[in-house]
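*Asks:* Need the 3D shape of this:
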Amino acid sequence: MGDPIRTRNKYFTPMHPWEKERLETEKKLMKEYGLVNKKEIWKVNSKLKKFKDNAKSLVAKTGDQAQLERKQLADKLKSYGLIESDSLDEILGLGLEQFLERRLQTVLVRKGFARSVKQARQMITHKHVTVNGKMISSPGYLVTVKEENSVKFYPGSAFTDEMHPERKLPEKITEKPAEKESIKADVKSGEEAKAQ
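*Replies:* Reported below is the predicted structural model:
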């Protein structure tokens, strides 16, 4: 049963701490998905490993129970939008990025509610976001396909206003070189008129 005071980790750490390729990949993923530490990558990786291990064990099994377990595993992954068919090969081909795309933090950015992944994380931890009307304060919450349309701001949040300064994307000033020259010419002619 185990000691109730000393809880176990719900994730597996890498076998070797200093692998250059893995460290570079993790650094890139942390920046792209706005993760605070590598523990978040390891948690998602452990979930992925669990699904793949279940699929591997079901390959050899036969019978009604094995068929039922295959269907349940496929249905769960379909609900997250990670696979399209019931094929075990598709489950074994899943990647870490596919799971990271289903996190609430990433979904918020993809839907255009936040300008960056860091801002999305702040919105979630400060309890501005609801999923199915329920407030979620965990950026690592995996959003199902059904829940994706119900991702909204909390009704009492200031972010419900689309004109909120933190929601508005910064406008890029794109002036053509010809426009700049005509502006400079107008300024020069104005200065010359004042001098006369």
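*Asks:* what packs against the single longest helix found in the chain?
*Replies:* When the chain is parsed with DSSP state H, its longest helix is helix 38-60. Packing partners of helix 38-60 (3 or more CB pairs under 8 Å, 6 or more residues apart in numbering; DSSP states H and E): helix 20-33, helix 64-79, helix 88-92, helix 96-101. Placement of C-beta: from N, CA and C, glycine included.
*Asks:* So which bits of the shortest one are buried?
*Replies:* By that I understand helix 88-92. 88, 91 (16 or more other CB atoms under 10 Å).
*Asks:* With the first one instead?
*Replies:* Of the residues in helix 20-33, those buried by neighbour count under the rule 16+ other CB under 10 Å are 26, 29-30, 33.
*Asks:* And stretch 135-148, by the same measure?
*Replies:* Buried-residue list, stretch 135-148, by 16+ other CB under 10 Å: 136, 139-143, 147.
*Asks:* cool, and stretch 45-53?
*Replies:* Neighbour counts over stretch 45-53 (16+ other CB under 10 Å) mark 45, 47-48, 51 as buried.
*Asks:* Would you mind writing the CA trace of that stretch as CSV?
*Replies:* The C-alpha coordinates for stretch 45-53 follow below in CSV (Å, rounded to 0.1, in the frame of the first residue of the first chain):
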residue,chain,number,x,y,z
ASN,A,45,6.2,12.0,-21.7
SER,A,46,5.2,9.6,-18.9
LYS,A,47,1.5,9.8,-20.0
LEU,A,48,2.6,9.1,-23.6
LYS,A,49,4.7,6.2,-22.5
LYS,A,50,1.8,4.8,-20.5
PHE,A,51,-0.5,4.9,-23.6
LYS,A,52,2.2,3.3,-25.8
ASP,A,53,2.9,0.5,-23.2
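*Asks:* How is this protein divided into domains?
*Replies:* Residue ranges for the domains of the chain, per automatic domain parsing: 20-100, 102-196.
*Asks:* The first one: end-to-end distance?
*Replies:* Okay, so that is domain 20-100. End-to-end distance for domain 20-100: 22 Å, by CA to CA, to the nearest Å.
*Asks:* average pLDDT across it?
*Replies:* For domain 20-100, mean pLDDT is 93.
*Asks:* heads up, I number from 394, so please use that
*Replies:* Okay, residue one is now 394; in that scheme the one you just asked about reads as domain 413-493.
*Asks:* so how far is that domain from its chain's centroid?
*Replies:* 15 Å (CA atoms, centre = their mean, to the nearest Å).
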